[in-house]
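J.: Make a model of this:
(one chain, ligands or ions: 2)
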Amino acid sequence: MFRILVSDAINEEGLAPLRKSEQIEIVQKNVSEAENELHEFDALLVRSATKVTEELLSKMPNLKIIGRAGVGVDNIDVEAATKRGIVVINAPNGNTISAAEHTFAMMAALVRHIPQAHISVKSREWNRSAFVGMELKGKHLGIIGFGRIGSEVAKRARAFGMTVHVYDPFLTKERAEKLGVSIHTLDEVLACADIITVHTPLTKETKGLLGEKNLAKTKKGVYLINCARGGIIDEKALIPFLQNGHVAGVALDVFEQEPPGDHPLLSFDNVIVTPHLGASTVEAQLNVATQVAEEILQFLEGKPVTSSINLPALSKDVYEKIQAFYHLAKKMGMIASQYMNIPVQELSVTYAGTVADLETTYITRSLLAGFLRPRVASTVNEVNAAMIAKERGITYGEKFSDETHGYANCISLTVHGENRTFTIKGTHIPNYGDRIVHFDGFTIDFAPEGHLLYIQHQDRPGMIGKVGNVLGEHQVNIATMQVGRQEAGGRAIMLLSLDKPIDDAVMQKLTEIEDIDTVKRLEV
Ligand SMILES: NC(=O)C1=CN([C@@H]2O[C@H](COP(=O)(O)OP(=O)(O)OC[C@H]3O[C@@H](n4cnc5c(N)ncnc54)[C@H](O)[C@@H]3O)[C@@H](O)[C@H]2O)C=CC1
Ligand SMILES: O=C(O)C(=O)COP(=O)(O)O
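T.: Ligands and ions are numbered 1, 2, ... in the order given. Alright, predicted model coming up:
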């Protein structure tokens, strides 16, 4: 049974996929109401109101996934979630149209003074000359941030006969051409625009992007719109520009602090505001809730998610193709980590054959997670494996090769430790399973499953019997056994799979057998 905490207002119909599952219980409470049961939740579903801080995460040790029914994840400490191995997903395009339409509604309201005129008429006034506006046709619109919403705003602006000027440092020429806009520098946009609208995420670079310095570069009489994130336009810096009339009007849907309380900007007649309504339409809320609910369900059923903020993107089709290798790689990582139980500096993974054509990033992350799992006390999975490896000074890299050793596919892992290197190779055979085909210099063939026992010994007659006797005396049943040697009478290995794990006493007995050099338990 999985428990999901829904801590913000999420569209009820959108939750239907989760409600259908008998394995899921949904609790709709805000975080403080759920204070005493926070440790029980497997998933958390939020919009922008819940602040998912490190402190909150520390109270939710069972949490595996955070779903954001919307775009912006600035209310979530993604780094802290990643460290804990918690997947963070969002619904990137469910509210695009609503946010673009709201931006346009704000633009029209701003230049035609609709909110002010509305208040005036409601106050029983009829003052037509006080609300003379400006046409949008023929005006220059500056769009800062040309992603999903910015580009939808541009389409609508063109329909209104506006000229669009875009600033987005990550926008390629090809995409700009395809969308029929020209790319400008920020200074060019600031200098030419009659109206500027921002559509970036809130990042270190965009915080205060329209601050004192850049506001001074805008045209006198400019209108500004922020339907993206509070703080992209610096609220404090804006005040003198409104006071001296340089900025003709501002439309804000978002604020540095939400709600903004008694903010000085609210006392300006030419500042029009909405309470973060960009995504608040029936359609957008149904879209984002459904998208996130479906993704959470997939995740809890052990399937891949497609809109993760902290995992490589993976479609269902791709997941189906890589699934087998993903599991094989994890097992290879676990075996290598236990076998090389010394500090290691580097993992090098080589993909050959059919696996080399797949999305190997994900497979490598799985291998890395498998490798770190026996070494790390905290949860380690594909989400935080790269971060934990970095913290521990372990580098890793991928290579591709044609050498499949006769198999259709082959994954090879070489672990570089202090004064020692270890290589393991594995293959996945459809309808047969995973096989380890090379182990530390030996050609071998065993299934990487369950309680494995590795023994390295001198190739002498009777060795198998001696090992069998010790295990038999201790009631340990051998399920399978594979042997390999480099040359007759030389170094040889046995890999046994046992029905139960063996304890230290049995290990000791095995080590005491003459001609046995090494005995290791490998749990997969
Ligand atoms: N008011 C509301 O209710 C809503 C607000 N939003 C917010 O709108 C914003 C845009 O959302 P989307 O278009 O979906 O995101 P997006 O990721 O599709 O687009 C963001 C764009 O900003 C650009 N960008 C990043 N850093 C930049 C920089 N330093 N300078 C200029 N451009 C930069 C990126 O290259 C990208 O093209 C986000 O902040 C999102 O949280 C989204 C939905 C509803
Ligand atoms: O999706 C976004 O980024 C939004 O800002 C929408 O926020 P909300 O879900 O309406 O609190």
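J.: Next up, the contacts around the closest residue to ligand 2 within the stretch 251-400 of the chain.
T.: Using C-beta to the nearest ligand atom, the closest approach of the stretch 251-400 of the chain to ligand 2 is made by Ala279 at 3.7 Å. C-betas here are computed from N, CA, C, even on glycine. Listed by C-beta atoms under 8 Å, 6 or more residues apart in numbering, the contact set of Ala279 reads 70-71, 95, 98-99, 285, 288.
J.: domain assignment for the protein?
T.: 1-94+281-309, 96-273, 314-448, 452-524 (automatic domain parsing).
J.: out of these, which comes closest to ligand 2?
T.: Of the domains of the chain, nearest to ligand 2 by C-beta to the nearest ligand atom is domain 1-94+281-309, at 2.7 Å.
J.: and the residue nearest to Asp269 when sequence neighbours are not counted, what element?
T.: Closest residue to Asp269 apart from its sequence neighbours, by C-beta to C-beta, 6 or more residues apart in numbering: Gln116 at 5.9 Å. Element membership for Gln116, per DSSP states H and E: helix 114-122.
J.: what sits up against the helix or strand bottoming out on mean pLDDT in the chain?
T.: The least trusted helix or strand in the chain, going by mean pLDDT, DSSP states H and E, turns out to be helix 173-178, with a mean of 85. Helix 173-178 is touched from outside by 146, 166, 182-183, with contacts defined as C-beta under 8 Å, 6+ apart.
J.: now do 6 Å
T.: Ile183 (C-beta atoms under 6 Å, 6 or more residues apart in numbering).
J.: May I have it exported as PDB, CA atoms only?
T.: The C-alpha trace of helix 173-178 is given here as PDB (Å, rounded to 0.1, in the frame of the first residue of the first chain):
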ATOM      1  CA  LYS A 173      18.800  30.200 -34.500                       C
ATOM      2  CA  GLU A 174      16.900  27.200 -36.100                       C
ATOM      3  CA  ARG A 175      14.200  27.200 -33.500                       C
ATOM      4  CA  ALA A 176      13.800  31.000 -33.700                       C
ATOM      5  CA  GLU A 177      13.500  30.800 -37.500                       C
ATOM      6  CA  LYS A 178      10.900  28.000 -37.200                       C
END
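J.: Buried by neighbour count: which residues of that helix qualify?
T.: Neighbour counts over helix 173-178 (16 or more other C-beta atoms under 10 Å) mark Ala176 as buried.
J.: Distance from that helix to the middle of the chain?
T.: Centroid separation between helix 173-178 and its chain, computed with C-alpha atoms, centre = their mean, to the nearest Å, is 27 Å.
J.: so after it, what's the next helix or strand?
T.: Helix 173-178 is succeeded, C-terminally, by strand 182-183 (DSSP H and E).
J.: The helix or strand following that following strand and ligand 1, are they touching?
T.: Remark: after strand 182-183, the chain's next helix or strand is helix 186-192, criterion DSSP H and E. No - Helix 186-192 stays clear of ligand 1 (C-beta under 6 Å from any ligand atom), getting no nearer than 7.4 Å.
J.: so how far is helix 186-192 off the chain centroid?
T.: For helix 186-192, the distance to the chain centre is 34 Å (C-alpha atoms, centre = their mean).
J.: which helices and strands does the top helix by length along the chain pack with?
T.: Longest helix of the chain, by residue count under DSSP state H: helix 316-339. Here helix 316-339 touches helix 360-372, strand 409-417, strand 420-429, going by 3 or more C-beta pairs under 6 Å, 6 or more residues apart in numbering; DSSP states H and E.
J.: Would you mind finding the most buried of these?
T.: helix 360-372 (a mean of 24; mean count of other C-beta atoms under 10 Å).
J.: now the angle from it to strand 420-429?
T.: With axes from the mean of the first three to the mean of the last three C-alpha atoms, to 10 degrees applied, the angle from helix 360-372 to strand 420-429 works out at 130 degrees.
J.: residues in contact with helix 360-372?
T.: 312, 314, 322, 325-326, 329-330, 333-334, 337, 349, 351, 380-382, 385, 388-389, 396, 398.
J.: if we go to 8 Å?
T.: Under C-beta under 8 Å, 6+ apart, the answer for helix 360-372 is 311-312, 314, 322, 325-327, 329-334, 336-337, 347, 349, 351, 355, 380-382, 385-386, 388-389, 392, 394, 396, 398, 411, 413, 415.
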